[in-house]
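In: Give me coordinates for this.
(2 chains)
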Amino acid sequence: MEKRPFEGVNVLDLTWAGAGPFTTNFLGYYGATIIRVESASRPDPVRGGAGIYSKENDHRLERSPTFAHTHPVKKLDIGLNLKHPKAIDIFKRLVAWADVIVENWTTGAIERMGLDYNELKKIKPSIILHRTNGYGHTGPMASQPGMGQTITAITGLHGIAGWPDRHSVPLFHSYTDTVSPLLGGLVLIAAIDYQRRTGKGQCIDFSQVEAGINYMSPVILDYTVNKRELALTGNKCAYAAPHGAYRCKGNDRWVAIGVFTDEEWNAFCKVIENPAWTKDARFSTLSNRVENSDELDRLVEGWTINFTAEQVMAMMQAAGVSAGVVANAQDAELDPQLKYYDFFHELDHPYLGKLNFYHPPGFKLSGATAEVARHPFLGEHNEYICTQILGMPDEEFVQLTQEGVLE
Amino acid sequence: MLSCYRVLDLTDEKGFLCGRALGDLGADVIKIEKPGGDPSRSRGPFYHDIPDPEKSLYWFAFNANKRGITLDIETADGREIFKKLVKTADVVVESFAPGYMDKLGLGYPVLNEINPRIITTSISGFGQEGPYRDYNDRDIAVWALSGFMYLMGEPDRPPLAPSYPHAHLIGAMYGAVGTMVALCHCQVTGCGQQVDASSHRGLVFTTSTETHTPWALTRTFPTRRGRNRWPVATKDGMVYLPSLWECKDGGVVFTMRLGFGSAESNTALVEGMKKDGIDPGVLGRWDWKTMDWSNYSAEDAKEVAEAFKKFFLKHTKAELLKLALEKEIQLTPLLLPKDQLKFPQLVERDFWIEVMHPELGTNITYPGGFAKFTEAECGIRFRAPLIGEHNDEVYKKELGLSTEELVALKQRRVI
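Out: Reported below is the predicted structural model:
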């Protein structure tokens, strides 16, 4: 069998909610063995998201489609009651097994367990401890709990879309939960690579705010150098016109078009069959088109409204003009490009049934397949982890279960 | 941490961030530009608004930590030089139209023959394969197809794309993560491989919980609701509360948490309302320990939203943040760069860094590294390269070309 990128890498996954799991998932797609430590008394809050879609009460913690989305990879799951004195011993045995620990609790939580990085190093000298949270693990807000919504506000990413005469709107309410783990995953994998080469572990202090702000670098530099704040421009672009979303045939159907160069403009005019207005002096150069873009937008929409969004996209793209259907969830499901990459991978789930939203990552490797899987149930692998991985005698496992150490 | 790796970076603005992120972790990244400079240097904003290829702040932002050489790989000589560089490289990153490198005779099979450990990372809007492979992937088209635009904006206006276009930063970061997985894989197999990263797929993943999850389950999808993006399940069905609220001097994010540990923080807000003379309505009678949204009606949810709206409008961002920190309320101000530069948490962690630009005779303040390590530094070591700044260093010292050869290559516009 081909060797997987993270074959032999043992990961103790203490993460919950969004940003943490999205970080460890990269390891899960490519062959790491991941043990997720959970507690029934304080389960992952995303497991509680079932209520939005389902009134069923049995197996309630296993019915959250959002949890299925945050964990589309194979993970083993141990339900460990960390309040029980015996649990710490099992936890330490898991640390000894692990090469990597990833946690996204608030700062101070692992310290209170008496297991800071120095203590963990005593158990496993080469351990990598990756700590991700909202604000980082030092500073006055180190222990303030952070959520995707609130973190995104601090990064300014909640303030970059909107009309000039209205307030900004969110891109996605928890945007940093999905974009900060790209930097978080990168540093985690780099640390694993370094560990393989040198045998050395390390502690990583990762702040989702700091990661998020890195995406904003040009906006920040415009302020630090020119003292200019980003202006909300609706769909206008200083380098392109037409540039926007245009109404098409049907109910709430739109196509996005962006015409930047003269070459693209000429191709665009050809697609719409060169109506007289395209020769108008107001649209003769890019700067004229940008200046008169309100009028231009109106004229463009007068043409797009006669076609479906799919037709406009196909005609424009065939001529080399950038255009895309303003896709809703149904469009995305039918999208031939996403189908080509099997991006809506279908899996069966005992409680949710067949669902087609188990995603691989946004890249494809020629030498390794990304494996997707349904999320683990809470405590699903208690016996396997205790007896097979930790080598515990069966009697000890039974006793720990009876004593409520395992959940 | 990655100083043992060399990355040849052929990207345009679609892929800059990939090499930048690897460079932040110590990789030796060589940015290869066309003679005369990369066309992306004409992208603003500019230093003091002077449009000059050596003054693009966009270029500065995402090409720091890279050395820079010029090379025209469309010429035969240029290709031979590029192949020599591939021998000692670990990664080639590119963001040309899919198939361009193959057409030049520099596709993966050719590079793999020169260096079997080479990883080629391709960053594009839609991917190297499939029916959209040749699509023109301008930022706005990628946002549209990814599902974001349909959700973003106001109910009475067209769908919206960000005023700061950055779809390709997401593709570039998926490219960086894919590259790192491939480097790890190479340690196990000794072989390189191809990484095919796309902004489209990356962004579909990003918006998935908001769009594709409800669609997969209930065949419904949300549409544009302005700032009302936070779904709560009342006994009458789903109601959308604001994710962003107006306050006295800007915006705040607030989401009302329910369940363990949140009773105290929510009670503090209700107390604040009462102090301001605002009727908390249904919130005043809320049993935080046992009740959740399913105990309340859609009308109740609106009443709750109205009470918060009134309360936030009476206070500034700073006042609300102070209250949030004291009571662990999930509330934060929407910060602009001017606020961020003074934000105590970022200042105290020495996040902002001064980078020297000797040609401009000044330092510029940049966002700092995205992680802190016990074993390594992360962040900007040196500013983005000038056009051809490291030609001598790379061509003479490393490839052993003579001054005469360099002059000849310059005359033929290879470098």
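
In: ok, which stretches of the stretch 101-250 of chain B are helices?
Out: Secondary structure of the stretch 101-250 of chain B (DSSP state H, counting those that start in this stretch): helices located at B:108-114, B:139-146, B:148-151, B:167-189, B:199-218.

In: now swap in the stretch 251-400 of chain A and tell me
Out: Using DSSP H, counting those that start in this stretch, helices in the stretch 251-400 of chain A cover A:262-271, A:286-291, A:293-304, A:309-318, A:329-334, A:336-340, A:382-383, A:394-402.

In: Output these in CSV; the columns should cover mean pLDDT.
Out: Listed next are the helices of the stretch 251-400 of chain A as CSV, based on pLDDT from 0 to 100:
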stretch, mean pLDDT
helix A:262-271, 98
helix A:286-291, 98
helix A:293-304, 98
helix A:309-318, 98
helix A:329-334, 94
helix A:336-340, 97
helix A:382-383, 97
helix A:394-402, 96
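
In: Residue B:216: which of these is closest?
Out: Each of those has some distance to residue B:216 by Cβ to Cβ; the shortest is helix A:329-334, at 8.0 Å. The way it works is simple: take the backbone N, C-alpha and C, and place the C-beta from them, glycine included.

In: I would like the residues contacting the closest one, please.
Out: A:325, A:338, A:344, A:356, B:145-147, B:204, B:211-212, B:214-215, B:221 (Cβ atoms under 8 Å, 6 or more residues apart in numbering or on different chains).

In: can you check stretch B:53-61 too?
Out: With Cβ under 8 Å, 6+ apart, stretch B:53-61 has contacts from A:217-218, A:220-222, A:225-226, B:13, B:16, B:37-38, B:40-48, B:357, B:359-360, B:364, B:366, B:383-384, B:386-387.

In: Touching, residue B:137 and residue B:127? I think so.
Out: No: between residue B:137 and residue B:127 there is no contact under Cβ atoms under 8 Å: 9.6 Å.

In: any common contacting residues for the two?
Out: In contact with both residue B:137 and residue B:127: residue B:200, using Cβ under 8 Å, 6+ apart.

In: Just the buried residues out of the contacts of helix A:329-334, in PyMOL syntax.
Out: To isolate the buried ones among these in PyMOL, judged by 16 or more other Cβ atoms under 10 Å in any protein chain shown, type:
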select buried, (chain A and resi 325+338+344) or (chain B and resi 145+146+147+204+211+212+214+215+221)
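
In: of the contacts of helix A:329-334, closest to residue B:257?
Out: The closest of those to residue B:257 turns out to be residue B:214 (Cβ to Cβ; 21.0 Å).

In: sorry, back to before: can you tell me which of the contacts of stretch B:53-61 are buried?
Out: Buried members of the contacts of stretch B:53-61, scored by 16+ other Cβ under 10 Å, are A:217-218, A:220-222, A:225, B:13, B:16, B:37-38, B:40-41, B:43-47, B:357, B:364, B:366, B:383-384, B:387.

In: Return the subset of those residues lying in helices.
Out: Under the assignment DSSP state H, those contribute A:217, A:218, A:220, A:221, A:222, A:225, B:16 to helices.

In: how about the fifth one, what does it touch?
Out: To tie it back to what came earlier, the one meant is residue A:222. Residues near residue A:222 by Cβ under 8 Å, 6+ apart: A:228, A:230, B:45, B:57, B:337.

In: Which among the residues you listed count as buried?
Out: The neighbour count (16+ other Cβ under 10 Å) marks A:230, B:45, B:57, B:337 as buried among the contacts of residue A:222.

In: Great, nothing more from me.
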